[in-house]
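Asker: got a predicted structure here, sequence first:
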Amino acid sequence: MNGTEHDDPVDVVAHAIAAMERPLLLVFDCDGVLAPLTDHADDSVLTDGVGPALDRLSKTADVRVAVLSGRSLDGLAQFDFSDSIIVAGSYGGERRGRSIQALTTEERALLSELDAIAVEAAKQAGPGAWVERKPTSVVIHVREADAELGSDALEMARSASASLDGHECHEGSNVLEFMARPADKGRGLLGLIADIDPGGTAYFGDDVPDEDAFAVLGTSDVSVKVGDGASVAGQRLPTPDAVAQLIDRLCGLLDADSEFVLSEE
Ligand SMILES: [Mg+2]
């Protein structure tokens, strides 16, 4: 081997995944991984070709595909993931096809106090800032706001929420989320692993909350950070485009592996 093949990060990750024990669980964050980042979540669309390729991958023998996102299930609906894909929203707190446990009286009261703080912060950050409401959390988005006003507003919200008990804060890029029912991608990924009981798991993420998911994986699993920035992940892909190439590559590799297993057309 001349080494060229393994200089390509897409090949390195594809072969690491193909080498894992079956069944495989392949879990993807959505924004920044399957879809390029946009200023406003509503404008986000999957990278060209990713929808059909993921669908094909999810129908490969001994492969389960899941999406694990901080978005609510409502916020994930716009991507129209096929039924063969497991869709987990709100860091795993919501699962497509399953109902969530209703908020307790305490959680409801806490969520409404956190909501008031978020609304005040968005007002302070000014034009471009907005508040996103999910079943168990509320999110302040300041990516499109004035940078200084936005960061001051998030700081204000952070300290205002410090007086409340029972919630968790998630920090993202220009985003602050208050969880009235604590959840994170580490727990979300462990929930998927418990359900599927895979031989090997791969997780792909691009942002701070994804580090919790990378951290729960074992040495025989594959963790892939997408983009720049510090990470505990063992592998790296540069862009969502590279993720699209990887999914395509995996369809070929894993299908070839399973061609003697598949008996039906
Ligand atoms: Mg992301």
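Answerer: On my side now, so go ahead.
Asker: what is the lowest-mean-pLDDT helix or strand in the chain packed up against?
Answerer: Ranked by mean pLDDT, DSSP states H and E, the weakest helix or strand in the chain is strand 168-172, scoring a mean of 88. Helices and strands touching strand 168-172, by 3 or more Cβ pairs under 8 Å, 6 or more residues apart in numbering; DSSP states H and E, are strand 175-179. In short, each C-beta sits where N, CA and C put it, glycine included.
Asker: show me where the stretch 51-200 of the chain has helices.
Answerer: 73-76, 105-125, 147-161, 185-196 (DSSP state H, counting those that start in this stretch).
Asker: with just CA atoms, put the shortest one into PDB.
Answerer: Okay, so that is helix 73-76. Output in PDB follows, covering the C-alpha atoms of helix 73-76 (Å, rounded to 0.1, in the frame of the first residue of the first chain):
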ATOM      1  CA  LEU A  73     -38.400  16.400  17.100                       C
ATOM      2  CA  ASP A  74     -40.500  19.200  15.700                       C
ATOM      3  CA  GLY A  75     -37.300  20.900  14.600                       C
ATOM      4  CA  LEU A  76     -36.000  17.700  13.000                       C
END
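Asker: so for that helix, what gets flagged as buried?
Answerer: In terms of neighbour count (16 or more other Cβ atoms under 10 Å), helix 73-76 has its buried residues at 73, 75-76.
Asker: give me the subset of these touching the ion.
Answerer: Taking Cβ under 5 Å from the ion, there is no overlap between the buried residues of helix 73-76 and the neighbourhood of the ion.
Asker: next, format those residues as CSV and append pLDDT.
Answerer: Below are those laid out as CSV (pLDDT from 0 to 100):
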residue, pLDDT
73, 95
75, 94
76, 97
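Asker: make TSV out of those and add distance to residue 174.
Answerer: Output for the buried residues of helix 73-76, formatted as TSV (distance: Cβ to Cβ, whole Å):
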residue	distance to residue 174
73	23
75	17
76	20
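Asker: residue 28: which of those residues is nearest?
Answerer: residue 76 (11.6 Å; Cβ to Cβ).
Asker: can you tell me how far the closest residue to that closest one other than its chain neighbours is from the ion?
Answerer: Once flanking residues are discounted, residue 76 sits nearest to residue 89: 5.2 Å by Cβ to Cβ, 6 or more residues apart in numbering. Plainly put, residue 89 is 13 Å away from the ion if you go by Cβ to the ion, to the nearest Å.
Asker: against residue 48, how distant is residue 89?
Answerer: 24 Å (Cβ to Cβ, to the nearest Å).
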